[in-house]
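[1] This is a predicted model, with the sequence first.
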Amino acid sequence: MNLKGRSFLTLKDYTPDEIEYLIDLAAKLKEKKKKGILGNSLKGKNIALIFEKPSTRTRCAFTIGCIDEGGHPEYLGRDDIQLGHKESIEDTARVLGRMFDGIEYRGFAHENAEILAKYSGVPVWNGLTDTYHPTQILADFLTLKEQFGKLKGLKLLYAGDGRNNVANSLLIGCTKMGIDITILSPKSLWPEGELVNICKGYAEASGSIIEITQDLNSVKDVDAVYTDVWCSMGEEALAEERIKLLKPYQVNDDLLKKVGKPNTIVLHCLPAVKGNEITHEVFERFSKVIFDEAENRMHTIKAVMVATLGNGQA
Ligand code: CP
Ligand code: NVA
């Protein structure tokens, strides 16, 4: 598999085989790291990490993933560079492309990630935009594979804000990889019809089933229940309204009783607002797998960099 030179902006741009390859590469890199073996796939490579929004996992995953493979990461926070304030994104992209070999971008408009990729001439990796969070889904899928030994044929329930970046990317990823996905969410927060239509095409090819519902009683026998914050970064003003709207969709013991099986797991991309989208009890009961998922951000992000900028091997 050769992904050299490619950007990673959304899972829409990657085939199921390419996604599988990235997950398997991450598993191999993880195994090596556990044995204390690091690589040099990014030796001599300089990597810009642009963060217009805060981050714990994504920032640390890119930083450590890069250093583990011999590269140099450079953090560029929102007040550190002129991106979009004093200088156009196109111009910043052209400057960074002259100095860096790869660029991670976390920000608001997804279009900015596309502009960076178009004008920098180097691979750009989406570290989260308002619309998509594709590296998160690679970590989620590595975790599912570790838990169940496969992806195809699993059933995943996503409960909560059904039109945020994580829900959108899960919908794309699941339908590409043959995972049945139910989005349980009030109608006003269902994913955009245009995205659902695109994903219906992926589902047809992979054999997965999409269900989008606000009926808590229509879901059962899922392998994994997934949730995310009710207010994403930038939506803080909506907090009160969202709590009212989403309270019935909290991941709690009642919900798990309704939808789960004995070996059902709970995933959360983190950070979590316990007491909102998930109860303290459920979070703690599944904390082992949730923090595996957080650790897997690093192995999967490392795999993306190794595949698109390095030698593509563990
Ligand atoms: N899950 C995730 O992207 O976490 P951070 O916001 O801490 O990077
Ligand atoms: N939907 C969340 C994801 C955080 C990783 C947000 O955008 O804030």
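    Perfect, thanks for sending it. Residues are numbered from 1 along each chain as shown. Ligands and ions are numbered 1, 2, ... in the order given.

[2] just the helices in this protein please.
    If you assign secondary structure with DSSP state H, the helices in the chain sit at 16-34, 57-68, 89-99, 110-120, 134-148, 165-177, 193-206, 239-246, 253-259, 280-285, 287-309.

[3] Please work out which of these is packed deepest.
    helix 165-177 (a mean of 26; mean count of other C-beta atoms under 10 Å). Bear in mind the C-beta positions are built from the backbone N, C-alpha and C, glycine included.

[4] and whichever residue of the stretch 201-314 of the chain sits closest to ligand 2, what does it touch?
    Closest to ligand 2 within the stretch 201-314 of the chain is residue 232: 3.3 Å, counting by C-beta to the nearest ligand atom. With contacts defined as C-beta atoms under 8 Å, 6 or more residues apart in numbering, the neighbours of residue 232 are 130, 161, 164-165.

[5] What score does it have for pLDDT?
    According to the per-residue confidence, residue 232 scores 98 in pLDDT.

[6] same question, residue 102
    In the prediction, the pLDDT value recorded for residue 102 is 98.

[7] hmm, what's the outermost residue in the protein?
    Of all residues in the chain, residue 86 sits farthest from the chain's C-alpha centroid, using C-alpha atoms, centre = their mean; the distance is 29.9 Å.

[8] ok, that one to residue 93 distance?
    As for residue 86, its distance to residue 93 is 14 Å (criterion: C-beta to C-beta, to the nearest Å).

[9] circling back: the contacts of residue 232 also near ligand 2: which ones?
    Among those, proximity to ligand 2 is found for 164-165 (C-beta under 6 Å from any ligand atom).

[10] what residues are up against the most centrally placed residue in the chain?
    Of all residues in the chain, the one closest to the mean position by C-alpha atoms, centre = their mean is residue 136, 1.9 Å from it. Residue 136 makes contact with 128, 166, 169, 269, 297 under the criterion C-beta under 8 Å, 6+ apart.

[11] mind redoing it with 10 Å?
    57-58, 126-128, 165-166, 169-170, 173, 228, 269-270, 293, 296-297, 300-301 (C-beta atoms under 10 Å, 6 or more residues apart in numbering).

[12] what does residue 1 give?
    Listed by C-beta under 10 Å, 6+ apart, the contact set of residue 1 reads 15, 17-18, 20-22, 24-25, 307, 312-313.

[13] Could you check how far the closest residue in space to residue 84 that isn't next to it in sequence is from residue 165?
    In space, and not counting its chain neighbours, residue 84 is closest to residue 112: 7.0 Å by C-beta to C-beta, 6 or more residues apart in numbering. Summarising the geometry, the distance separating residue 112 from residue 165, computed by C-beta to C-beta, is 14 Å.

[14] Look at the residue farthest from the centre of the chain and report its pLDDT.
    Among the per-residue scores, residue 86 holds a pLDDT of 88.

[15] contacting residues around residue 46?
    Applying C-beta under 10 Å, 6+ apart, one finds that residue 46 lies in contact with 66, 71-74, 96, 99-103, 122.

[16] Out of those residues, which end up buried?
    Those of those that meet the buried threshold are 66, 71, 73-74, 96, 100-103, 122, by 16 or more other C-beta atoms under 10 Å.

[17] Tally up the residues packed near residue 125, please.
    Under the neighbour criterion other C-beta atoms under 10 Å, residue 125 is assigned a count of 27.

[18] That's all I had, so thanks and see you.
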